[in-house]
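In: need a structure here:
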Amino acid sequence: AEAGSQAAEMLEMLNAHVAEQLALEDEISEVLPAGQTLCRAYLDPVAAAELAHEEEAAGEEEAHDHGELVHFALTDTGRVYFYEEHEGALEQLQGFVTLDDVAGIEDCSRTTIARASDDGVLVFVPDTQTLYLVDAHDGGNYHQHSRWAAAELMPEGSRADLIAILGEGESDHDHDHE
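Out: Okay, here's the model as predicted:
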């Protein structure tokens, strides 16, 4: 792409995102419990951008901890771990959540974690053909709130190998745990 063009700008943004994602994966891989292998890491880009804007507005005099940003980690065993940054190190927030019916994940590159709301994420695991909502609401612990079979969301006879989730999500949702 020609320097200064929109294409060059978009490539720079993509490269920056990929570099940030790789750094996040390295950081989380170092703190996972023994025997767990990172499958996918996620840090809410909306919350991260808001925090960066707040820090920029506050200036360098006020150093902020990134404690408000939950780092999600999906392992190849179907466990989801939750971390926050405190004093430059990641600390586990609570115990892990094991996604229903996930004994193992064969191809981690096809899993998806995306923002569902301020309180949680959607996780897609191709091995189970299931979309999971993992969230914490009302100040509680993270838990698997809901799950949907991919077959419920796609045309009959389809199988999802990979999904993309677009949208800003909702802060309010039905808290019926059925």
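In: Flag every buried residue along the helix or strand of the chain with the lowest mean pLDDT.
Out: Least confident helix or strand of the chain, by mean pLDDT, DSSP states H and E, is helix 45-58 with a mean of 72. Residues of helix 45-58 classed as buried: L51 (neighbour count, 16 or more other CB atoms under 10 Å). C-beta: built from backbone N, CA, C; applies to glycine.
In: How far off centre is the helix or strand that comes right after it?
Out: Per DSSP states H and E, the first helix or strand lying C-terminal to helix 45-58 is strand 71-75. Mean C-alpha position of strand 71-75 versus that of the full chain (CA atoms, centre = their mean, to the nearest Å) differs by 7 Å.
In: quick check: mean pLDDT across strand 71-75?
Out: Here strand 71-75 scores 95 as its mean pLDDT.
In: contacts for it?
Out: 24, 27-28, 32, 36-43, 80-85, 90, 105, 108, 111, 113, 121, 123, 134 (CB atoms under 8 Å, 6 or more residues apart in numbering).
In: Parallel or antiparallel, list what pairs with it.
Out: Counting by DSSP bridges, the strands paired with strand 71-75 are strand 38-43 (antiparallel), strand 79-86 (antiparallel).
In: The nearest residue to Y81 once chain neighbours are set aside - how many residues pack around it?
Out: Among residues not flanking Y81 along the chain, A73 sits closest, at 4.3 Å (CB to CB, 6 or more residues apart in numbering). Residues lying near A73 (other CB atoms under 10 Å) number 26.
In: At the geometric centre of this protein, which residue sits there?
Out: Nearest residue to the geometric centre of the chain (CA atoms, centre = their mean): Y42, 3.0 Å.
In: nearest spatial neighbour of that one, skipping sequence neighbours?
Out: I113 (3.9 Å).
In: From L38, how far out is the one you found?
Out: 11 Å (CB to CB, to the nearest Å).
In: Neighbour count: the two, which is higher?
Out: I113 (22 against 19).
In: Go ahead and confirm that one touches G120.
Out: No. Look at I113 against G120 with CB atoms under 8 Å: they stay out of range, at 10.4 Å.
In: Could you identify the longest helix within the chain?
Out: helix 6-31 (DSSP state H).
In: Show me where the protein dips below the pLDDT cut-off.
Out: Within the chain, the stretches with pLDDT under 70 are 53, 59-67, 167-178.
In: burial of I28, as a residue count?
Out: I28 has 22 nearby residues by other CB under 10 Å.
In: Could you pull up the residues touching it?
Out: I28 neighbours (CB under 8 Å, 6+ apart): L38, A41, H71, A73, Y81, Y83, L90.
In: Over to Y142?
Out: Residues near Y142 by CB under 8 Å, 6+ apart: V80, F82, L93, Q94, V97, G120, V134, D135, A136.
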